[in-house]
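**Student:** predicted structure and sequence below. I'll ask about it afterward.
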Amino acid sequence: MEDVRANLQIITENPKLGGSAKPPYTKLFYEISFKDHQKELLPVHKLKKNHFKDKIYQISCYDDESPERVFYRSDLRPSFSKESDRSWDGAYHKLTKDLDDIGATVMLTNKGYRYYMNLSPGRLHRLSSSFALMYYLGSVARYRPTLYQNVLQGEYQPIINEVIDTCPRQFYYMMVSRITKQVCAIPMAKI
């Protein structure tokens, strides 16, 4: 099934030059996009209600390569100076907090971070769900090895294999990012 994507985009604006030269600055924002036909498959109407209505607004399609996509843009657009790492960190922190508030979850891929949204979230936080699933699989493998073989060969085999392959690393990166309140990424890492 295709996903509802939340993309981080950086736009550059020219500063208004007054009597003195100011350093160039940029504004950071995020966009949420999905394919138009997904309106029938997903509860995308929620993007106009509740906590979303104060955080994002719908924009007209501006991407000629993706006319079939619907776009929402964040109201939050923190500025930062290109000459200051500290201002970038502050702007990025504000934006990632806003993404966390609307329920976007992050997954580290070999091409960098990808943000995903579940418009029908479960009762548990993603870290808790990942931990519970890994604990369950570990318990079954240790205490009921015959059942473990059935689980690995059953209808959920592709999902279980993907979890076993990616979940431990993803969990580690999410925990480090959560504890340090910094983005944890290892460039060119095998993911």
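**Tutor:** Yep, that arrived.
**Student:** after the longest strand anywhere in the chain comes which helix or strand?
**Tutor:** Of all the segments of type strand in the chain, defined by DSSP state E, the longest one is strand 25-35. Note on strand 25-35: by DSSP states H and E, the next helix or strand toward the C-terminus is strand 56-59.
**Student:** what strand or helix carries the spatially most central residue of the chain?
**Tutor:** Residue closest to the average C-alpha location in the chain (C-alpha atoms, centre = their mean): residue 115, at 1.8 Å. Residue 115 is part of strand 112-117, with elements assigned from DSSP H and E.
**Student:** I'd like to know which elements that strand is packed against.
**Tutor:** strand 5-13, strand 104-109 (3 or more C-beta pairs under 8 Å, 6 or more residues apart in numbering; DSSP states H and E). Yep, even glycine has a C-beta here, placed from its N, CA and C like the rest.
**Student:** now the first helix or strand past it going along the chain: average pLDDT?
**Tutor:** Reading on from strand 112-117 to the C-terminus, the next helix or strand found by DSSP H and E is helix 126-143. For helix 126-143, mean pLDDT is 88.
**Student:** for helix 126-143, list every residue counted as buried.
**Tutor:** 126, 130, 133, 137, 140 (16 or more other C-beta atoms under 10 Å).
**Student:** so which elements touch the helix or strand following that helix?
**Tutor:** Sequence order places helix 145-153 as the next helix or strand after helix 126-143, per DSSP H and E. Helix 145-153 sits against helix 126-143, helix 157-180, with contacts defined as 3+ C-beta pairs under 8 Å, 6+ apart.
**Student:** any chance of the ones you listed in CSV, plus distance to residue 28?
**Tutor:** Formatted as CSV, those follow (distance: least, C-beta to C-beta, whole Å):
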stretch, distance to residue 28
helix 126-143, 23
helix 157-180, 18
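**Student:** nearest to residue 91, of those?
**Tutor:** Of all those, it is helix 157-180 that lies closest to residue 91, at 16.9 Å by C-beta to C-beta.
**Student:** angle of the closest one against helix 126-143?
**Tutor:** 130 degrees (axes from the mean of the first three to the mean of the last three C-alpha atoms, to 10 degrees).
**Student:** I'd like to know which elements helix 157-180 is packed against.
**Tutor:** Counting contacts by 3+ C-beta pairs under 8 Å, 6+ apart, helix 157-180 is packed against strand 104-109, helix 126-143, helix 145-153.
**Student:** return the set of buried residues in that helix.
**Tutor:** By neighbour count on 16+ other C-beta under 10 Å, the buried set for helix 157-180 is 160, 163, 167, 170-171, 173-174, 177.
**Student:** with just CA atoms, put it into CSV.
**Tutor:** Taking Å, rounded to 0.1, in the frame of the first residue of the first chain, the C-alpha atoms of helix 157-180 are listed here in CSV:
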residue,chain,number,x,y,z
GLN,A,157,6.6,-14.1,7.2
PRO,A,158,7.6,-11.1,5.0
ILE,A,159,6.6,-8.7,7.8
ILE,A,160,8.5,-10.7,10.5
ASN,A,161,11.6,-10.9,8.3
GLU,A,162,11.5,-7.2,7.8
VAL,A,163,11.1,-6.6,11.5
ILE,A,164,14.0,-8.9,12.4
ASP,A,165,16.2,-7.2,9.8
THR,A,166,15.4,-3.5,10.5
CYS,A,167,13.8,-3.1,13.9
PRO,A,168,16.8,-3.5,16.2
ARG,A,169,18.8,-0.8,14.3
GLN,A,170,15.8,1.5,14.0
PHE,A,171,15.0,1.1,17.7
TYR,A,172,18.6,2.0,18.6
TYR,A,173,18.6,5.1,16.4
MET,A,174,15.2,6.3,17.7
MET,A,175,16.2,5.8,21.3
VAL,A,176,19.5,7.7,20.9
SER,A,177,17.6,10.5,19.1
ARG,A,178,15.0,10.6,21.8
ILE,A,179,17.4,10.7,24.7
THR,A,180,19.9,13.2,23.2
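**Student:** that'll do, ta.
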